[in-house]
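> pasting the sequence and the predicted model now:
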Amino acid sequence: MSTTIFEKSSQGRKGYNISQNDINIELSNILPENLRRKEDAKLPQCSELDVMRHYIELSSKNHFIEKGFYPLGSCTMKYNPKINEAVARQSGIANLHPMQAEETVQGALQIMHELQHDLAEISGMANVTLQPVAGAQGEFVGLKIISAYHQAKGNTHKNVIIMPDSAHGTNPASCSLAGFEVKELKSNANGKVDVEELKKIVNENTAGFMLTNPNTLGLFENKIEEIAEIIHSVDGLMYMDGANFNALLGIVQPGKIGFDVMHYNLHKTFSTPHGGGGPGSGAVGVVEHLVKFLPTPMISKNDNGYFLDYSHEKTSIGKVHTYYGNFGINVRAYVYIKMLGAAGIRSVGENAIINANYLQSKLKEYYNISHADQFCMHEFVADGTIQKKKYGVSTLDIAKRLLDKGFHAPTIYFPLIISEAIMIEPTETESKQSLDKFIQAMIEIAHEIESDPESLHHAPFNTPVRRVDDVRAVKELNVRFPIEK
Ligand SMILES: Cc1ncc(COP(=O)(O)O)c(C=O)c1O
(Lines give C-alpha, C1' and ligand atoms only; values in the text may rest on other atoms or scores of the structure.)
Protein backbone atom coordinates (compact mmCIF):
# COMPACT_ATOMS: atom_id res chain seq x y z
CA MET A 1 0.00 0.00 0.00
CA SER A 2 1.31 3.44 -0.77
CA THR A 3 1.40 6.06 1.93
CA THR A 4 -0.65 9.22 1.72
CA ILE A 5 0.91 12.61 1.11
CA PHE A 6 0.20 13.39 4.78
CA GLU A 7 2.40 10.52 5.90
CA LYS A 8 5.23 11.86 3.73
CA SER A 9 5.09 15.19 5.53
CA SER A 10 8.17 16.36 7.37
CA GLN A 11 7.97 19.38 9.69
CA GLY A 12 9.38 22.52 8.05
CA ARG A 13 9.87 21.07 4.56
CA LYS A 14 8.59 23.38 1.84
CA GLY A 15 7.80 23.21 -1.84
CA TYR A 16 7.66 26.98 -2.30
CA ASN A 17 9.48 30.14 -1.38
CA ILE A 18 7.68 33.44 -1.10
CA SER A 19 9.67 36.53 -0.23
CA GLN A 20 8.46 38.45 2.81
CA ASN A 21 7.90 41.61 0.75
CA ASP A 22 5.25 39.85 -1.36
CA ILE A 23 3.14 38.93 1.62
CA ASN A 24 3.42 42.14 3.56
CA ILE A 25 -0.30 42.29 4.20
CA GLU A 26 -1.87 42.71 7.60
CA LEU A 27 -4.32 39.78 7.75
CA SER A 28 -6.41 41.35 10.49
CA ASN A 29 -7.28 44.15 8.05
CA ILE A 30 -8.79 41.61 5.68
CA LEU A 31 -10.31 38.90 7.88
CA PRO A 32 -12.15 39.57 11.13
CA GLU A 33 -10.52 38.01 14.19
CA ASN A 34 -13.26 35.40 14.73
CA LEU A 35 -12.71 33.96 11.25
CA ARG A 36 -8.96 33.57 11.61
CA ARG A 37 -7.31 30.25 12.52
CA LYS A 38 -5.95 29.91 15.99
CA GLU A 39 -3.39 27.37 14.84
CA ASP A 40 -1.86 26.39 11.51
CA ALA A 41 -3.84 24.10 9.19
CA LYS A 42 -2.55 20.53 9.31
CA LEU A 43 -1.33 20.48 5.73
CA PRO A 44 1.40 18.14 4.52
CA GLN A 45 4.84 19.74 4.47
CA CYS A 46 6.71 18.35 1.50
CA SER A 47 9.28 19.44 -1.05
CA GLU A 48 8.31 19.87 -4.70
CA LEU A 49 10.17 16.64 -5.51
CA ASP A 50 8.32 14.72 -2.76
CA VAL A 51 5.03 15.86 -4.24
CA MET A 52 6.04 15.01 -7.81
CA ARG A 53 7.21 11.52 -6.81
CA HIS A 54 4.09 10.91 -4.79
CA TYR A 55 1.68 11.68 -7.61
CA ILE A 56 3.75 9.98 -10.31
CA GLU A 57 3.79 6.84 -8.15
CA LEU A 58 0.03 7.02 -7.71
CA SER A 59 -0.59 7.56 -11.42
CA SER A 60 1.56 4.55 -12.30
CA LYS A 61 -0.75 2.41 -10.15
CA ASN A 62 -3.77 3.62 -12.05
CA HIS A 63 -4.96 2.30 -15.40
CA PHE A 64 -5.48 4.74 -18.24
CA ILE A 65 -5.78 4.54 -22.00
CA GLU A 66 -2.18 5.65 -22.64
CA LYS A 67 -1.05 2.73 -20.45
CA GLY A 68 -3.20 -0.07 -21.80
CA PHE A 69 -6.32 -1.42 -23.43
CA TYR A 70 -9.54 -0.19 -21.80
CA PRO A 71 -12.51 -2.15 -23.22
CA LEU A 72 -15.12 -0.65 -20.88
CA GLY A 73 -18.44 -1.30 -22.62
CA SER A 74 -20.81 1.66 -22.94
CA CYS A 75 -18.02 4.12 -22.09
CA THR A 76 -16.02 4.45 -25.35
CA MET A 77 -12.62 4.68 -23.66
CA LYS A 78 -10.76 5.46 -26.86
CA TYR A 79 -7.48 7.24 -27.31
CA ASN A 80 -8.08 10.91 -27.98
CA PRO A 81 -5.40 12.81 -29.89
CA LYS A 82 -3.47 15.24 -27.70
CA ILE A 83 -3.99 18.07 -30.19
CA ASN A 84 -7.52 18.41 -28.77
CA GLU A 85 -6.11 19.00 -25.30
CA ALA A 86 -3.42 21.35 -26.57
CA VAL A 87 -5.95 23.57 -28.33
CA ALA A 88 -8.39 23.60 -25.40
CA ARG A 89 -5.56 24.69 -23.09
CA GLN A 90 -4.37 27.61 -25.17
CA SER A 91 -4.67 30.72 -23.05
CA GLY A 92 -6.86 32.49 -25.63
CA ILE A 93 -9.39 29.73 -25.06
CA ALA A 94 -8.83 28.52 -21.51
CA ASN A 95 -8.67 32.00 -19.95
CA LEU A 96 -11.78 33.50 -21.52
CA HIS A 97 -14.40 34.82 -19.16
CA PRO A 98 -18.00 33.85 -19.97
CA MET A 99 -19.18 37.40 -19.29
CA GLN A 100 -16.83 39.02 -21.80
CA ALA A 101 -18.47 41.27 -24.40
CA GLU A 102 -19.46 39.45 -27.60
CA GLU A 103 -17.08 41.45 -29.78
CA THR A 104 -14.12 40.25 -27.68
CA VAL A 105 -15.00 36.52 -27.98
CA GLN A 106 -15.87 36.19 -31.66
CA GLY A 107 -13.49 33.23 -32.05
CA ALA A 108 -15.11 31.31 -29.20
CA LEU A 109 -18.58 32.02 -30.56
CA GLN A 110 -17.45 30.87 -33.99
CA ILE A 111 -16.23 27.58 -32.50
CA MET A 112 -19.60 27.00 -30.83
CA HIS A 113 -21.54 28.06 -33.94
CA GLU A 114 -19.56 25.72 -36.18
CA LEU A 115 -19.83 22.87 -33.68
CA GLN A 116 -23.62 23.30 -33.54
CA HIS A 117 -23.61 23.11 -37.32
CA ASP A 118 -21.19 20.17 -37.62
CA LEU A 119 -23.11 18.05 -35.10
CA ALA A 120 -26.37 18.87 -36.90
CA GLU A 121 -24.78 17.87 -40.21
CA ILE A 122 -23.36 14.59 -38.87
CA SER A 123 -26.70 13.60 -37.32
CA GLY A 124 -29.15 14.99 -39.88
CA MET A 125 -30.71 17.37 -37.34
CA ALA A 126 -31.67 21.02 -37.94
CA ASN A 127 -29.84 22.58 -35.00
CA VAL A 128 -28.05 21.64 -31.79
CA THR A 129 -27.70 23.12 -28.30
CA LEU A 130 -24.34 22.73 -26.58
CA GLN A 131 -25.61 23.65 -23.12
CA PRO A 132 -26.23 20.29 -21.36
CA VAL A 133 -23.13 19.07 -19.54
CA ALA A 134 -23.75 15.29 -19.41
CA GLY A 135 -25.53 12.66 -21.45
CA ALA A 136 -28.16 12.32 -18.75
CA GLN A 137 -28.76 16.08 -18.74
CA GLY A 138 -29.07 15.95 -22.52
CA GLU A 139 -31.80 13.33 -22.09
CA PHE A 140 -33.60 15.58 -19.63
CA VAL A 141 -33.37 18.53 -22.04
CA GLY A 142 -34.59 16.43 -24.99
CA LEU A 143 -37.53 15.16 -22.96
CA LYS A 144 -38.38 18.69 -21.83
CA ILE A 145 -38.45 19.65 -25.50
CA ILE A 146 -40.88 16.77 -26.17
CA SER A 147 -42.99 18.00 -23.26
CA ALA A 148 -42.92 21.61 -24.59
CA TYR A 149 -44.01 20.37 -28.03
CA HIS A 150 -47.05 18.60 -26.58
CA GLN A 151 -47.90 21.50 -24.27
CA ALA A 152 -47.77 23.94 -27.17
CA LYS A 153 -50.33 21.76 -28.95
CA GLY A 154 -52.51 21.44 -25.86
CA ASN A 155 -51.82 17.68 -25.72
CA THR A 156 -51.62 17.59 -21.95
CA HIS A 157 -52.82 13.95 -21.78
CA LYS A 158 -49.60 12.79 -23.44
CA ASN A 159 -47.62 11.67 -20.43
CA VAL A 160 -46.06 8.30 -21.36
CA ILE A 161 -42.65 7.58 -22.85
CA ILE A 162 -42.13 4.03 -24.10
CA MET A 163 -38.68 2.46 -23.99
CA PRO A 164 -37.26 -1.05 -24.36
CA ASP A 165 -36.04 -3.03 -21.36
CA SER A 166 -32.51 -2.75 -22.77
CA ALA A 167 -32.56 1.04 -22.15
CA HIS A 168 -29.62 2.65 -20.41
CA GLY A 169 -30.42 3.30 -16.73
CA THR A 170 -30.38 7.05 -17.15
CA ASN A 171 -33.28 6.91 -19.66
CA PRO A 172 -36.11 6.03 -17.23
CA ALA A 173 -34.61 8.34 -14.59
CA SER A 174 -34.58 11.30 -17.02
CA CYS A 175 -38.18 10.55 -18.04
CA SER A 176 -39.39 10.65 -14.45
CA LEU A 177 -37.46 13.85 -13.81
CA ALA A 178 -39.06 15.45 -16.87
CA GLY A 179 -42.53 14.50 -15.58
CA PHE A 180 -43.30 11.46 -17.78
CA GLU A 181 -44.40 7.96 -16.93
CA VAL A 182 -42.24 5.17 -18.32
CA LYS A 183 -43.70 2.17 -20.11
CA GLU A 184 -41.20 -0.63 -20.57
CA LEU A 185 -41.20 -2.77 -23.69
CA LYS A 186 -39.69 -6.25 -23.55
CA SER A 187 -37.05 -6.82 -26.25
CA ASN A 188 -37.68 -9.63 -28.74
CA ALA A 189 -35.59 -12.81 -29.07
CA ASN A 190 -33.09 -10.93 -31.27
CA GLY A 191 -32.47 -8.39 -28.50
CA LYS A 192 -34.28 -5.63 -30.39
CA VAL A 193 -37.53 -3.65 -30.22
CA ASP A 194 -40.53 -5.95 -30.53
CA VAL A 195 -42.57 -3.97 -33.07
CA GLU A 196 -45.70 -6.12 -32.68
CA GLU A 197 -45.67 -5.58 -28.91
CA LEU A 198 -45.06 -1.88 -29.47
CA LYS A 199 -48.19 -1.62 -31.61
CA LYS A 200 -50.23 -3.06 -28.74
CA ILE A 201 -49.17 -0.47 -26.18
CA VAL A 202 -49.04 2.71 -28.25
CA ASN A 203 -52.07 4.92 -27.68
CA GLU A 204 -53.24 8.53 -27.37
CA ASN A 205 -51.21 9.00 -24.18
CA THR A 206 -47.94 8.14 -25.89
CA ALA A 207 -45.76 11.26 -25.78
CA GLY A 208 -42.76 9.60 -27.33
CA PHE A 209 -40.45 6.64 -27.75
CA MET A 210 -36.93 6.66 -26.35
CA LEU A 211 -34.36 4.37 -27.88
CA THR A 212 -30.64 3.88 -27.56
CA ASN A 213 -29.20 3.05 -30.97
CA PRO A 214 -27.08 0.95 -31.19
CA ASN A 215 -28.86 -0.47 -28.16
CA THR A 216 -27.12 -1.53 -24.97
CA LEU A 217 -26.59 -5.02 -26.41
CA GLY A 218 -24.48 -3.41 -29.13
CA LEU A 219 -27.11 -4.22 -31.76
CA PHE A 220 -28.37 -1.87 -34.44
CA GLU A 221 -32.12 -1.26 -34.19
CA ASN A 222 -32.99 -1.61 -37.86
CA LYS A 223 -36.76 -1.09 -37.70
CA ILE A 224 -36.53 2.62 -36.98
CA GLU A 225 -38.67 3.77 -39.89
CA GLU A 226 -41.44 1.36 -38.96
CA ILE A 227 -41.24 2.33 -35.28
CA ALA A 228 -41.22 6.05 -36.17
CA GLU A 229 -44.35 5.59 -38.29
CA ILE A 230 -46.18 3.96 -35.37
CA ILE A 231 -45.12 6.65 -32.89
CA HIS A 232 -45.74 9.57 -35.27
CA SER A 233 -49.20 8.22 -36.11
CA VAL A 234 -50.31 9.20 -32.57
CA ASP A 235 -48.32 12.46 -32.71
CA GLY A 236 -45.60 11.06 -30.44
CA LEU A 237 -41.95 12.04 -30.91
CA MET A 238 -38.93 9.81 -31.42
CA TYR A 239 -36.00 10.32 -29.03
CA MET A 240 -32.62 8.78 -29.75
CA ASP A 241 -30.14 8.27 -26.95
CA GLY A 242 -27.04 8.92 -29.04
CA ALA A 243 -24.47 8.10 -26.39
CA ASN A 244 -23.41 5.18 -28.62
CA PHE A 245 -23.10 7.38 -31.69
CA ASN A 246 -19.48 6.28 -32.16
CA ALA A 247 -20.81 3.31 -34.14
CA LEU A 248 -22.93 5.39 -36.51
CA LEU A 249 -20.54 8.22 -37.34
CA GLY A 250 -20.64 9.06 -41.02
CA ILE A 251 -22.89 6.06 -41.67
CA VAL A 252 -26.34 6.85 -40.24
CA GLN A 253 -28.05 10.25 -39.78
CA PRO A 254 -30.69 9.71 -37.08
CA GLY A 255 -32.57 12.87 -38.10
CA LYS A 256 -33.09 11.42 -41.57
CA ILE A 257 -34.54 8.06 -40.50
CA GLY A 258 -37.30 9.19 -38.15
CA PHE A 259 -35.76 10.49 -34.93
CA ASP A 260 -36.91 13.96 -33.83
CA VAL A 261 -34.61 14.59 -30.89
CA MET A 262 -31.28 13.11 -29.87
CA HIS A 263 -28.46 13.77 -27.49
CA TYR A 264 -24.79 13.12 -28.14
CA ASN A 265 -22.20 12.27 -25.51
CA LEU A 266 -19.45 14.51 -26.85
CA HIS A 267 -17.29 13.16 -24.02
CA LYS A 268 -17.52 9.67 -25.50
CA THR A 269 -17.90 10.02 -29.24
CA PHE A 270 -16.05 13.25 -29.94
CA SER A 271 -12.95 13.23 -27.75
CA THR A 272 -12.64 13.67 -23.97
CA PRO A 273 -12.54 10.26 -22.32
CA HIS A 274 -15.64 9.16 -20.49
CA GLY A 275 -15.67 7.58 -17.10
CA GLY A 276 -13.54 9.84 -14.99
CA GLY A 277 -16.57 11.58 -13.54
CA GLY A 278 -15.19 14.76 -15.01
CA PRO A 279 -16.95 17.39 -17.08
CA GLY A 280 -18.88 16.31 -20.15
CA SER A 281 -21.13 17.65 -22.85
CA GLY A 282 -24.53 16.17 -23.65
CA ALA A 283 -25.41 18.35 -26.65
CA VAL A 284 -28.95 17.91 -28.01
CA GLY A 285 -30.05 18.03 -31.65
CA VAL A 286 -33.61 18.44 -32.94
CA VAL A 287 -35.45 18.47 -36.26
CA GLU A 288 -36.68 21.74 -37.74
CA HIS A 289 -40.11 22.01 -36.08
CA LEU A 290 -38.57 21.61 -32.59
CA VAL A 291 -35.80 24.22 -32.97
CA LYS A 292 -37.97 26.88 -31.31
CA PHE A 293 -37.96 24.87 -28.06
CA LEU A 294 -34.15 24.59 -27.74
CA PRO A 295 -32.57 26.24 -24.68
CA THR A 296 -31.42 29.83 -25.08
CA PRO A 297 -29.07 31.30 -26.00
CA MET A 298 -28.15 29.60 -29.24
CA ILE A 299 -25.08 30.87 -31.05
CA SER A 300 -26.06 32.56 -34.32
CA LYS A 301 -24.42 34.68 -36.98
CA ASN A 302 -25.50 37.84 -38.78
CA ASP A 303 -23.71 40.54 -40.81
CA ASN A 304 -22.03 41.87 -37.66
CA GLY A 305 -20.60 38.50 -36.67
CA TYR A 306 -21.48 35.82 -34.11
CA PHE A 307 -23.86 36.54 -31.24
CA LEU A 308 -25.77 34.98 -28.35
CA ASP A 309 -29.22 34.47 -29.80
CA TYR A 310 -32.21 34.80 -27.46
CA SER A 311 -34.73 35.38 -30.28
CA HIS A 312 -36.87 32.31 -29.49
CA GLU A 313 -36.91 32.89 -25.75
CA LYS A 314 -40.71 32.82 -25.54
CA THR A 315 -40.99 29.25 -26.83
CA SER A 316 -37.67 27.94 -25.45
CA ILE A 317 -37.61 25.47 -22.54
CA GLY A 318 -35.21 27.99 -20.97
CA LYS A 319 -31.66 27.90 -19.81
CA VAL A 320 -30.36 24.54 -18.56
CA HIS A 321 -26.87 25.44 -17.41
CA THR A 322 -24.85 28.45 -16.42
CA TYR A 323 -23.49 30.32 -19.41
CA TYR A 324 -23.03 28.08 -22.47
CA GLY A 325 -22.27 24.57 -21.16
CA ASN A 326 -18.79 23.11 -20.79
CA PHE A 327 -16.95 25.23 -23.31
CA GLY A 328 -13.62 23.39 -22.91
CA ILE A 329 -15.22 20.03 -23.70
CA ASN A 330 -16.98 21.53 -26.71
CA VAL A 331 -13.65 22.89 -27.97
CA ARG A 332 -12.14 19.40 -27.79
CA ALA A 333 -15.07 17.99 -29.79
CA TYR A 334 -14.68 20.78 -32.34
CA VAL A 335 -10.97 20.09 -32.86
CA TYR A 336 -11.64 16.35 -33.07
CA ILE A 337 -14.23 16.81 -35.83
CA LYS A 338 -12.15 19.35 -37.78
CA MET A 339 -9.01 17.21 -37.63
CA LEU A 340 -10.81 14.11 -38.90
CA GLY A 341 -12.99 15.69 -41.58
CA ALA A 342 -15.88 13.82 -43.21
CA ALA A 343 -13.86 10.79 -44.34
CA GLY A 344 -12.09 10.46 -40.98
CA ILE A 345 -15.38 10.68 -39.09
CA ARG A 346 -16.77 7.79 -41.14
CA SER A 347 -13.69 5.67 -40.56
CA VAL A 348 -14.18 6.10 -36.79
CA GLY A 349 -17.57 4.41 -37.10
CA GLU A 350 -16.33 1.71 -39.45
CA ASN A 351 -13.28 0.78 -37.37
CA ALA A 352 -15.25 0.77 -34.12
CA ILE A 353 -17.58 -1.80 -35.71
CA ILE A 354 -14.84 -3.92 -37.29
CA ASN A 355 -12.85 -4.11 -34.04
CA ALA A 356 -15.88 -5.18 -31.99
CA ASN A 357 -16.88 -7.84 -34.52
CA TYR A 358 -13.33 -9.19 -34.64
CA LEU A 359 -13.33 -9.66 -30.86
CA GLN A 360 -16.83 -11.12 -30.86
CA SER A 361 -15.97 -13.69 -33.53
CA LYS A 362 -12.78 -14.77 -31.70
CA LEU A 363 -14.32 -15.00 -28.22
CA LYS A 364 -17.64 -16.69 -28.96
CA GLU A 365 -16.00 -20.12 -28.84
CA TYR A 366 -14.96 -19.54 -25.21
CA TYR A 367 -17.72 -17.40 -23.70
CA ASN A 368 -21.46 -17.35 -24.22
CA ILE A 369 -22.61 -14.44 -26.38
CA SER A 370 -26.41 -14.42 -26.62
CA HIS A 371 -26.62 -12.61 -29.93
CA ALA A 372 -23.42 -13.79 -31.61
CA ASP A 373 -25.50 -14.98 -34.56
CA GLN A 374 -25.76 -11.29 -35.54
CA PHE A 375 -23.07 -8.77 -36.35
CA CYS A 376 -22.61 -6.32 -33.50
CA MET A 377 -21.95 -2.61 -33.79
CA HIS A 378 -19.20 -0.96 -31.71
CA GLU A 379 -19.62 -3.29 -28.70
CA PHE A 380 -21.11 -6.63 -27.69
CA VAL A 381 -22.19 -8.40 -24.56
CA ALA A 382 -20.51 -11.70 -23.73
CA ASP A 383 -21.30 -13.40 -20.44
CA GLY A 384 -19.85 -15.76 -17.88
CA THR A 385 -22.92 -17.98 -17.47
CA ILE A 386 -21.14 -21.16 -18.62
CA GLN A 387 -18.16 -20.53 -16.33
CA LYS A 388 -20.51 -19.77 -13.43
CA LYS A 389 -22.66 -22.86 -13.92
CA LYS A 390 -19.89 -25.36 -14.65
CA TYR A 391 -17.06 -24.09 -12.46
CA GLY A 392 -18.59 -21.63 -9.98
CA VAL A 393 -16.43 -18.82 -11.35
CA SER A 394 -18.26 -15.51 -11.62
CA THR A 395 -17.95 -12.67 -14.09
CA LEU A 396 -16.42 -10.61 -11.28
CA ASP A 397 -13.64 -13.23 -10.92
CA ILE A 398 -12.98 -13.08 -14.68
CA ALA A 399 -12.83 -9.29 -14.58
CA LYS A 400 -10.39 -9.34 -11.65
CA ARG A 401 -8.13 -11.85 -13.41
CA LEU A 402 -7.97 -9.57 -16.46
CA LEU A 403 -6.37 -6.90 -14.27
CA ASP A 404 -3.48 -9.29 -13.59
CA LYS A 405 -2.92 -9.54 -17.30
CA GLY A 406 -2.63 -5.76 -17.70
CA PHE A 407 -6.08 -4.94 -19.05
CA HIS A 408 -8.82 -2.77 -17.69
CA ALA A 409 -11.83 -5.03 -17.17
CA PRO A 410 -14.84 -4.66 -19.44
CA THR A 411 -18.11 -3.33 -17.99
CA ILE A 412 -19.67 -6.14 -15.98
CA TYR A 413 -23.22 -6.98 -14.87
CA PHE A 414 -24.60 -4.44 -17.37
CA PRO A 415 -26.95 -4.46 -19.21
CA LEU A 416 -29.15 -5.99 -16.56
CA ILE A 417 -31.08 -8.18 -19.01
CA ILE A 418 -28.00 -10.41 -19.54
CA SER A 419 -26.91 -12.39 -16.49
CA GLU A 420 -23.17 -12.43 -15.69
CA ALA A 421 -22.74 -9.81 -18.46
CA ILE A 422 -19.29 -8.89 -19.77
CA MET A 423 -19.77 -5.87 -22.02
CA ILE A 424 -16.82 -5.28 -24.32
CA GLU A 425 -16.18 -2.11 -26.32
CA PRO A 426 -12.73 -2.12 -27.94
CA THR A 427 -13.14 1.25 -29.76
CA GLU A 428 -11.68 2.18 -33.13
CA THR A 429 -8.30 3.31 -31.82
CA GLU A 430 -6.95 -0.17 -31.04
CA SER A 431 -4.71 -2.06 -33.44
CA LYS A 432 -5.16 -5.72 -34.37
CA GLN A 433 -2.08 -6.52 -32.25
CA SER A 434 -3.62 -5.10 -29.07
CA LEU A 435 -6.94 -6.81 -29.81
CA ASP A 436 -5.07 -10.11 -30.28
CA LYS A 437 -3.36 -9.72 -26.89
CA PHE A 438 -6.73 -9.21 -25.24
CA ILE A 439 -8.20 -12.23 -27.02
CA GLN A 440 -5.24 -14.31 -25.85
CA ALA A 441 -5.78 -13.14 -22.25
CA MET A 442 -9.50 -13.99 -22.37
CA ILE A 443 -8.73 -17.45 -23.78
CA GLU A 444 -6.06 -18.05 -21.13
CA ILE A 445 -8.59 -17.15 -18.45
CA ALA A 446 -11.15 -19.53 -19.95
CA HIS A 447 -8.53 -22.34 -19.71
CA GLU A 448 -7.49 -21.36 -16.17
CA ILE A 449 -11.13 -21.60 -15.10
CA GLU A 450 -11.27 -25.16 -16.41
CA SER A 451 -8.03 -26.26 -14.77
CA ASP A 452 -8.05 -24.34 -11.46
CA PRO A 453 -11.34 -22.55 -10.82
CA GLU A 454 -10.57 -21.98 -7.12
CA SER A 455 -7.62 -19.68 -7.84
CA LEU A 456 -9.85 -17.34 -9.86
CA HIS A 457 -11.74 -16.38 -6.71
CA HIS A 458 -8.55 -14.82 -5.34
CA ALA A 459 -7.55 -12.76 -8.36
CA PRO A 460 -6.08 -10.24 -8.87
CA PHE A 461 -2.63 -11.30 -7.70
CA ASN A 462 -0.31 -8.70 -9.28
CA THR A 463 -2.14 -5.40 -8.79
CA PRO A 464 -1.06 -2.76 -6.22
CA VAL A 465 -4.36 -3.33 -4.41
CA ARG A 466 -5.80 -6.86 -4.31
CA ARG A 467 -9.53 -7.56 -4.30
CA VAL A 468 -11.36 -4.80 -2.49
CA ASP A 469 -14.56 -5.28 -0.56
CA ASP A 470 -16.81 -3.28 -2.92
CA VAL A 471 -19.92 -3.60 -0.77
CA ARG A 472 -18.15 -2.42 2.36
CA ALA A 473 -16.55 0.45 0.45
CA VAL A 474 -19.98 1.64 -0.64
CA LYS A 475 -21.68 1.13 2.70
CA GLU A 476 -18.91 2.42 4.93
CA LEU A 477 -17.31 5.01 2.74
CA ASN A 478 -14.61 6.74 4.74
CA VAL A 479 -11.92 8.53 2.78
CA ARG A 480 -10.83 10.88 5.55
CA PHE A 481 -7.24 10.49 6.70
CA PRO A 482 -6.91 10.93 10.47
CA ILE A 483 -4.39 13.72 11.01
CA GLU A 484 -2.38 13.45 14.22
CA LYS A 485 -2.80 16.43 16.52
C1 LIG B 1 -26.38 4.67 -23.72
C2 LIG B 1 -26.07 5.74 -22.71
N3 LIG B 1 -26.99 6.67 -22.42
C4 LIG B 1 -26.74 7.65 -21.53
C5 LIG B 1 -25.54 7.75 -20.87
C6 LIG B 1 -25.36 8.82 -19.84
O7 LIG B 1 -24.32 9.69 -20.11
P8 LIG B 1 -23.61 10.51 -18.94
O9 LIG B 1 -22.84 9.52 -18.13
O10 LIG B 1 -22.75 11.52 -19.61
O11 LIG B 1 -24.69 11.17 -18.12
C12 LIG B 1 -24.55 6.80 -21.14
C13 LIG B 1 -23.24 6.85 -20.48
O14 LIG B 1 -22.28 6.32 -20.91
C15 LIG B 1 -24.81 5.77 -22.08
O16 LIG B 1 -23.89 4.83 -22.38
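The structure has been received and is ready for your questions.

> so who does His54 touch?
With contact taken as C-beta atoms under 8 Å, 6 or more residues apart in numbering, His54 is in contact with 5, 8, 46. Placement of C-beta: from N, CA and C, glycine included.

> need the residues you listed in CSV (columns: secondary structure).
Below are these laid out as CSV (DSSP: H, G, I helix; E, B strand; the rest coil):
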residue, secondary structure
Ile5, coil
Lys8, coil
Cys46, coil
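
> could you say which helix or strand holds Lys338?
According to DSSP states H and E, Lys338 maps onto helix 327-363.

> rewinding a little: return a PyMOL selection command for the buried portion of the contacts of His54.
Burial among the contacts of His54 is assessed by 16 or more other C-beta atoms under 10 Å; the matching PyMOL selection reads:
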select buried, resi 5+8+46
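
> low-scoring stretches of the chain, by residue?
Under the criterion pLDDT under 70, the flagged ranges of the chain are 1-2, 18-25, 27-28, 274-278, 484-485.

> what about the helices in the stretch 101-250 of the chain?
Secondary structure of the stretch 101-250 of the chain (DSSP state H, counting those that start in this stretch): helices at 106-123, 135-152, 170-177, 195-201, 224-233.

> so the second one, near the ligand or not?
Yes: part of helix 135-152 sits close enough to the ligand to count as contact by C-beta under 6 Å from any ligand atom, namely 135-136.

> packing partners of that helix?
Judged by 3 or more C-beta pairs under 8 Å, 6 or more residues apart in numbering; DSSP states H and E, helix 135-152 is in contact with helix 170-177, strand 206-212, strand 237-242, strand 261-264, strand 284-286.

> what's the answer for the shortest one, then?
Other helices and strands packing on helix 195-201, by 3+ C-beta pairs under 8 Å, 6+ apart, are strand 181-185, helix 224-233.

> give me the contacts around the longest one.
The set of residues external to helix 224-233 that reach it, using C-beta under 8 Å, 6+ apart, is 162, 193, 195, 198-199, 202, 206, 208-209, 211, 213, 221, 237-238, 257-259.

> now swap in stretch 170-177 and tell me
Contacts for stretch 170-177 (C-beta under 8 Å, 6+ apart): 135-136, 139-140, 143, 161, 163, 181-182, 184, 210, 212, 241.

> which pair in the residues you listed spans the largest distance?
Of all pairs drawn from the contacts of stretch 170-177, the one with the longest distance (C-beta to C-beta) is Gly135 and Glu181, at 21.7 Å.

> the two - which one has more neighbours?
Shown here are Gly135 and Glu181; by other C-beta atoms under 10 Å, Gly135 has more neighbours (25 against 13).

> relative to Leu363, how far out is the more buried one?
28 Å (C-beta to C-beta, to the nearest Å).

> same thing with Asn203?
Counting by C-beta to C-beta, the gap from Asn203 to Leu363 is 42 Å.

> neighbour-wise, which of the two wins?
More neighbours surround Leu363 than the other of Asn203 and Leu363, with 21 against 12 (other C-beta under 10 Å).

> quick one on the thing from earlier: show me which of the contacts of stretch 170-177 are buried.
Buried among the contacts of stretch 170-177 (16+ other C-beta under 10 Å): 135-136, 139-140, 143, 161, 163, 182, 210, 212, 241.

> closest to the ligand out of the residues you listed?
Closest approach between the buried ones among the contacts of stretch 170-177 and the ligand, by C-beta to the nearest ligand atom: Gly135, at 2.3 Å.

> my guess is the closest one meets Gly282, correct?
Yes: using C-beta atoms under 8 Å, Gly135 makes contact with Gly282 at a distance of 4.5 Å.

> any common contacting residues for these two?
Contact with both Gly135 and Gly282 is made by residues 263, 265, according to C-beta under 8 Å, 6+ apart.

> how does this structure divide into domains?
1-61, 83-340, 349-473 (automatic domain parsing).

> who wins for proximity to Val479 among the ones you listed?
For the domains of the chain, the distance to Val479 is smallest for domain 349-473, at 9.5 Å, taking C-beta to C-beta.

> gap between the two ends of the closest one?
Domain 349-473 has its terminal residues 38 Å apart, counting by C-alpha to C-alpha, to the nearest Å.

> so is that domain next to the ligand?
No: counting by C-beta under 6 Å from any ligand atom, the ligand is not contacted by domain 349-473; separation bottoms out at 9.4 Å.

> chain center to that domain: distance?
20 Å (C-alpha atoms, centre = their mean, to the nearest Å).

> contacts only, for the nearest residue in space to Lys268 that is not next to it in sequence.
Leaving aside its sequence neighbours, Lys268 sits nearest to Thr76 (C-beta to C-beta, 6 or more residues apart in numbering; 3.8 Å). Listed by C-beta under 8 Å, 6+ apart, the contact set of Thr76 reads 244, 246, 265, 268-269, 274, 378, 425, 427.

> distance check, Thr76 against the ligand.
To the ligand, Thr76 is 8 Å away according to C-beta to the nearest ligand atom, to the nearest Å.

> can you check Val393 too?
For Val393, the distance to the ligand equals 27 Å [C-beta to the nearest ligand atom].

> list the contacts for that residue?
Going by C-beta under 8 Å, 6+ apart, Val393 touches 384, 387, 449, 453, 456-457.

> swap the cut-off to 7 Å and go again
Val393 sits next to 387, 449, 453, 456 when contact means C-beta atoms under 7 Å, 6 or more residues apart in numbering.

> now the residues you listed in a markdown table, with secondary structure?
Shown next, in a markdown table, are these (three-state DSSP):
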| residue | secondary structure |
| --- | --- |
| Gln387 | helix |
| Ile449 | helix |
| Pro453 | helix |
| Leu456 | helix |
